[in-house]
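# prediction below, plus the sequence it came from.
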Amino acid sequence: MRGFGVMMALGWVLLGCDDEAAIGVEDVEASLVRADVEDAGVRETFDGRGFDAREIGDAGGEGETDAPATEDAPATEDTADAADAGMIELGPVPDLVAPGEAGQPVYVFLFTHTEDPFNHALSEARYTTTPPILEAIARDYPDTHPEWTVQFQGSDARTIAERHGEGGIVASLRALATRGRVHFGYHGQHDPTYLNRPQNGLDEGSSFEAIAEAFDDWVSCERELASGDCEAEGAGGIVRIQETFGSIQVYSGLFVGGEGNGPFEDGGGHWAIRRRAPEVAIGFGFSDHAPGGSDFEPLVRELMTILSPSGETSGGVFWVGDTLRINDGDWRDDVHLSSIDDGAEAVRARIEGVDTTRIRIFNGGIASKFIYAKTSPTQYGYAHPESPALPPTQVHTTAEIARNYENMEEGLRYLAGTFMPANPGSRFIGPDELRAIAAPDDLFEVTADELEVIARWVIAYWGERPPSYVSDGREFYSLRDAIGLLARAIVADGAPATLELTRFYGPHAIEDAARAVTLTAEEVRALARRIAGIASAPIPSEAAWTPRPAGLMPGVFAVGEKRVTAAQALWALAYTHAVEAASGAAPAEVTAPAVEGLPETYDLYVGLGCVSCEDAAWSTKPARLRPLPAE
């Protein structure tokens, strides 16, 4: 923990609070009032409010990590006057944990994207050929625990169900699932069709409700293979997979605006997914095999460097939208396992010598469609609706297919028999292990002491825009996490011993604040009550679901006659909580600075093709990783 402190000047912060007035707080549609905001031409500085930014500095020096730095502010006459008046010591902002010694484990998440509702025998051979290979590896290398997550799309889950009923492949895969060898997921990227899908019509101006309705249609409607037209509402996609195989634990391949590459279903899409699969908490992040644009790799690398700031984080796992996202590779250090089907030598070349001063988690693709296909079955099938099955010229020979399965097994055996023994603690993992590593139950409980650090962190790393994430020194929180926790703490009677993270959404339409706004203590508490109500809104049942959740935070609040952006509200709540925790009394007034509405991660998301990603930026945070306990 760093020895510097955040200081507040008594000459500038008037202490004391009398919460008698009833202040009206209303949500404002930011998109409707953006043009009404005048550029005040002046940005408040921390010094002007009695906050000496020089007391914060950055988090460099011994044990340096990648925590965001706060620029020094020039000394002013006001600052000197404030210092003469006396200072309140708010307490230190801790350093993050630096990378340790080599020897951290490497975990491999085995998965398949099925992606073929046309070539039944060739595709289904994967579900009879792969399990015996995994069983043999489990027998030969029991400490490696091979588990396989099969991500169907709704259309091929339908064709399998129609061909096998409750027997055959369906029965065998379900039996493997009861033993923990197989898990199920949803991959929406290749469901029919590329041109006819509801999210293609979404754009930057689409409302939260429009996004939610489009994605609810996409993930639940049974579609005609050739046209993509909806044939039966609530009978396809995720619904079909769960009815055929069981609950999904992972999803991927969902984007606002059609083709994309990244976790960009936005809050509305996430809200729709959780309607159909309430417990799903894992999604895929950025893939290795389908990057788009020349800037894709440097932008993802920059993003994942921001999101792996401590030695307990890596460039392979992060959070967006209350969902744990796993990348195909570790983009921070440019290490990519990619397809295990390529064989032992290719796998060895990619992963041998990986830096193990951090825990590493890789997606490992196995049994892909290219085991048997020379081209994408769905791309070919949708382009040839009258005869969608691959022609012989686009299918590997029987000998080539057999050799491809051998390569897959050799790649798996290299990992299980050579790489993992050389890196103790390394193993294959499934969804349950991934949650144990990055999302244990205690992650969702925040103590009063931790919340005090969160408030100080917000203040310490605030600049012309909010920080990209918040931390208590070990765990990480999104901006949305932070504003919900702070609001609920401020309105509680007495400081609660613990608060649980809640699931809510927004802000969807966000604007920059061109001028500072001063709020009284009563107005801050009224604002906190409004946000706490949003953060605590109940999650409805599937039947009671509506496209607009009760827990949807706006981008702008009207507090009496004052307009307060979501970012200003976060600053005001953090400032109030930090001062009250340090002094025992809330400030009588808080001046929330002029500030941009979105963190740096938003710019990177836009560069990566995100169409509507305000919600994504406000819900992004690093994932702290813990090694699985030794057996």
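Okay, I see it.
# who's G364 bridged to?
Beta-bridge pairing of G364 under DSSP bridges involves L110.
# residues in contact with it?
Listed by Cβ atoms under 8 Å, 6 or more residues apart in numbering, the contact partners of G364 are 108-111, 337, 340, 415, 428. Yep, even glycine has a C-beta here, placed from its N, CA and C like the rest.
# tell me the most packed of these, by neighbour count.
L415 (30 neighbours; other Cβ atoms under 10 Å).
# please tell me how far S338 sits from G283.
19 Å (Cβ to Cβ, to the nearest Å).
# you'd agree F296 is up against L608?
Yes: judged on Cβ atoms under 8 Å, F296 makes contact with L608 at a distance of 6.6 Å.
# comparing those two, which residue is more hemmed in?
L608 (23 against 17).
# so the more buried one sits against M304, correct?
No: using Cβ under 8 Å as the test, L608 is too far from M304 to be in contact (11.3 Å).
# show me what the strand or helix carrying P131 is in contact with.
Using DSSP states H and E, P131 sits in helix 120-140. For helix 120-140, the surrounding residues in contact (Cβ under 8 Å, 6+ apart) are 112, 114, 116, 144-146, 148, 150, 156, 159-160, 163, 169, 172-173, 176, 181-182, 366-367, 369, 371-373, 377, 390, 395, 401, 405, 408-409, 412-413, 416-417.
# chain center to that helix, what's the gap?
Here helix 120-140 is found 31 Å from its chain centre; the criterion is Cα atoms, centre = their mean, to the nearest Å.
# what are the buried residues along it?
Across helix 120-140, burial judged by 16 or more other Cβ atoms under 10 Å covers 120, 122-127, 129-131, 133-134, 137-138.
# please enumerate the strands of the stretch 401-550 of the chain.
With DSSP state E, counting those that start in this stretch, the ranges of strands along the stretch 401-550 of the chain come out as 427-429, 445-447, 470-471, 476-477, 498-500, 517-520.
# can you redo those strands as JSON lines with mean pLDDT?
As requested, those are exported to JSON lines (pLDDT from 0 to 100):
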{"stretch": "strand 427-429", "mean pLDDT": "98"}
{"stretch": "strand 445-447", "mean pLDDT": "96"}
{"stretch": "strand 470-471", "mean pLDDT": "98"}
{"stretch": "strand 476-477", "mean pLDDT": "98"}
{"stretch": "strand 498-500", "mean pLDDT": "95"}
{"stretch": "strand 517-520", "mean pLDDT": "98"}
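# which of S338 and G283 has more neighbours?
Between S338 and G283, G283 has the larger neighbour count (other Cβ under 10 Å), namely 23 against 19.
# the more buried one pairs with what?
Y251, R325.
# how much space separates it from Q151?
11 Å.
# what's across from the one residue sitting closest to the centre of the chain in the sheet?
Residue closest to the average C-alpha location in the chain (Cα atoms, centre = their mean): V320, at 1.7 Å. For V320, the beta-bridge partners are T323 (DSSP bridges).
# quick check: S207 touching H508?
Yes: S207 is in contact with H508 according to Cβ under 8 Å; the separation is 7.4 Å.
# touching both of these two, which residues are there?
G268.
# out of these two, which sits in the busier spot?
Of the pair S207 and H508, H508 is the one with more neighbours under other Cβ under 10 Å, namely 25 against 17.
# skipping adjacent residues, who's closest to the more buried one in space?
F208 (4.5 Å; Cβ to Cβ, 6 or more residues apart in numbering).
# pull the number of nearby residues for the one you found.
24.
# so who does it touch?
Applying Cβ under 8 Å, 6+ apart, the residues near F208 are 267-268, 271, 505-506, 508, 547-548, 552, 615.
# about what we covered before: now the buried residues of helix 120-140 in TSV, with distance to G188 and pLDDT?
Output for the buried residues of helix 120-140, formatted as TSV (distance: Cβ to Cβ, whole Å; pLDDT from 0 to 100):
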residue	distance to G188	pLDDT
H120	21	97
L122	22	98
S123	17	98
E124	21	98
A125	24	98
R126	19	98
Y127	20	98
T129	25	98
T130	22	98
P131	25	98
I133	27	98
L134	25	98
I137	30	98
A138	30	98
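# go through these and name the one nearest S220.
Set against S220, the nearest of these by Cβ to Cβ is S123 (22.9 Å).
# from E409, how far out is that closest one?
For S123, the distance to E409 - Cβ to Cβ - is 19 Å.
# please apply the same query to D341.
10 Å.
# what do you get for R223?
From R223 to E409 the distance is 35 Å (Cβ to Cβ).
# more neighbours: which of the two?
More crowded of R223 and E409, by other Cβ under 10 Å: R223, with 25 against 22.
# who does the more buried one bridge with?
C230.
# check V559 too.
Beta-bridge partners recorded for V559 (DSSP bridges): V25, K562.
# still on that earlier bit, just the pLDDT for the residue nearest to H508.
pLDDT recorded at F208 is 95.
# from H336, how far off is it?
Relative to H336, and taking Cβ to Cβ, F208 is found at 34 Å.
# checking D27 next. Helix, strand or coil?
strand (DSSP: H, G, I helix; E, B strand; the rest coil).
# around the nearest residue to it once chain neighbours are set aside, how many other residues sit close by?
Closest residue to D27 apart from its sequence neighbours, by Cβ to Cβ, 6+ apart: P554 at 3.8 Å. For P554, the count of nearby residues is 22 (other Cβ under 10 Å).
# in a helix, P554, correct?
No: P554 is assigned coil when assessed by three-state DSSP, not a helix.
# which residues of the stretch 251-400 of the chain score low on pLDDT?
Along the stretch 251-400 of the chain, segments meeting pLDDT under 70 span 257-263, 290-293.
# let me redo that: the chain
Within the chain, the ranges that satisfy pLDDT under 70 run 1-24, 28-88, 257-263, 290-293, 493-494.
# repeat the analysis, applying 80 as the threshold.
For the chain, the stretches flagged by pLDDT under 80 are 1-91, 257-264, 289-294, 493-495, 631.
# shared neighbours, G283 and Q151?
Joint contacts of G283 and Q151 (Cβ under 8 Å, 6+ apart) are 250-252.
# now do the end-to-end distance for stretch 511-518.
18 Å (Cα to Cα, to the nearest Å).
# which of the residues in that stretch are buried?
Neighbour-count burial for stretch 511-518 flags 511-517 (criterion: 16+ other Cβ under 10 Å).
# any chance of these in JSON lines, plus distance to W457?
Below are the buried residues of stretch 511-518 laid out as JSON lines (distance: Cβ to Cβ, whole Å):
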{"residue": "E511", "distance to W457": "24"}
{"residue": "D512", "distance to W457": "22"}
{"residue": "A513", "distance to W457": "20"}
{"residue": "A514", "distance to W457": "25"}
{"residue": "R515", "distance to W457": "25"}
{"residue": "A516", "distance to W457": "21"}
{"residue": "V517", "distance to W457": "22"}
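# from I539, how far out is the nearest residue to T498 once chain neighbours are set aside?
In space, and not counting its chain neighbours, T498 is closest to E445: 4.9 Å by Cβ to Cβ, 6+ apart. According to Cβ to Cβ, E445 stands 18 Å off from I539.
# comparing the two, which shows the higher neighbour count?
I539 (16 against 13).
# which ones are touching the more buried one?
The neighbours of I539, taking Cβ under 8 Å, 6+ apart as the test, are 274, 278, 503, 549, 551.
# farthest pair in those residues?
Farthest-apart pair in those is P278 and G551; separation 14.3 Å (Cβ to Cβ).
# these two: who's more crowded?
With neighbours defined as other Cβ under 10 Å, P278 and G551 compare such that G551 has more, 19 against 12.
# next, the contact list for A487, please.
A487 neighbours (Cβ under 8 Å, 6+ apart): 527-532, 535, 573.
# near the closest residue to A232 other than its chain neighbours, how many other residues are there?
Using Cβ to Cβ, 6+ apart and skipping the chain neighbours, the partner closest in space to A232 is E222 (4.2 Å). Counted with other Cβ under 10 Å, the neighbours of E222 add up to 17.
# could you do T397 as well?
Neighbours around T397, by other Cβ under 10 Å: 10.
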